[in-house]
Structures are given as structure tokens and as C-alpha cells.
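> Show me how the following folds:
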Amino acid sequence: MSMLFSRHSADAVCAVCSAGLAVAALQQSRRQRQSDANEQQRLLQLTDDAKRMRERIQALEAILDAEHPNWRDK
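Coordinates of the predicted model:
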């Protein structure tokens, strides 16, 4: 009986450990997907910021070209 109890106990411990590992893996996967989505959103925001900055620089250069045609030579 003692051997049977020990075997069932070991099986139960293995089952609990396996379930715990599965839950941990699922949580890590969810966190990774969320992190990937956050990174994607941040990259989109940075791309938009860079586009606006480029447009502003082009506008400023156009003003300088009109008001000080040789500014690039300096």
C-alpha cells in the first residue's frame, strides 16, 4: 500500500508540475505577444514622428532658401 501511495503521489506531483509549467508558458507567451504589440505601436508612433519632423525640416529649408538663398553654402 505504501508503494502504491508513493507512486500516486509522484504521479500527482508530476501532474501539478506539468500543469504549472504549462500555465507559466502560456503566461510568458501572452506577455510576449503584448510586448510585441506595444513595440509595434511604438514603432508606428516613431515613424509618424519622423515623418512630421521631415516635413517641418523641409518647410524650414524652403523658408531659408527663399529668404537666404546661399545659407547652404555657409
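> can you pull out the helices in the protein?
Taking DSSP state H, the helices of the chain run over residues 2-67.
> Any regions of it where pLDDT drops low?
Applying pLDDT under 70 to the chain flags the ranges 1-8, 10.
> repeat that with 50
Counting by pLDDT under 50, the chain contains low-confidence residues at 1-2.
> which residue sits closest to L64, ignoring its sequence neighbours?
Taking Cβ to Cβ, 6 or more residues apart in numbering as the measure, L64 lies nearest to W71, with 4.8 Å between them; neighbours along the chain are not counted. Heads up, the C-betas are built off the backbone N, CA and C, glycines and all.
> Neighbours of that neighbour, how many?
11 (other Cβ atoms under 10 Å).
> Test my guess that it contacts L60.
No - W71 lies out of contact with L60 (Cβ atoms under 8 Å); the separation is 10.5 Å.
> Using CSV, list the CA coordinates for stretch 31-50.
The C-alpha atoms that make up stretch 31-50 are tabulated as CSV, following Å, rounded to 0.1, in the frame of the first residue of the first chain:
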residue,chain,number,x,y,z
ARG,A,31,3.3,38.7,-22.2
GLN,A,32,5.5,38.3,-25.3
ARG,A,33,2.5,39.0,-27.6
GLN,A,34,1.6,42.0,-25.6
SER,A,35,5.2,43.3,-25.6
ASP,A,36,5.3,42.7,-29.4
ALA,A,37,2.1,44.7,-29.8
ASN,A,38,3.5,47.5,-27.7
GLU,A,39,6.7,47.6,-29.6
GLN,A,40,4.8,47.7,-32.9
GLN,A,41,2.7,50.6,-31.6
ARG,A,42,5.8,52.4,-30.5
LEU,A,43,7.5,51.9,-33.9
LEU,A,44,4.4,53.3,-35.7
GLN,A,45,4.5,56.3,-33.4
LEU,A,46,8.2,56.9,-34.0
THR,A,47,7.6,56.6,-37.8
ASP,A,48,4.8,59.2,-37.6
ASP,A,49,7.1,61.5,-35.5
ALA,A,50,9.9,61.2,-38.1
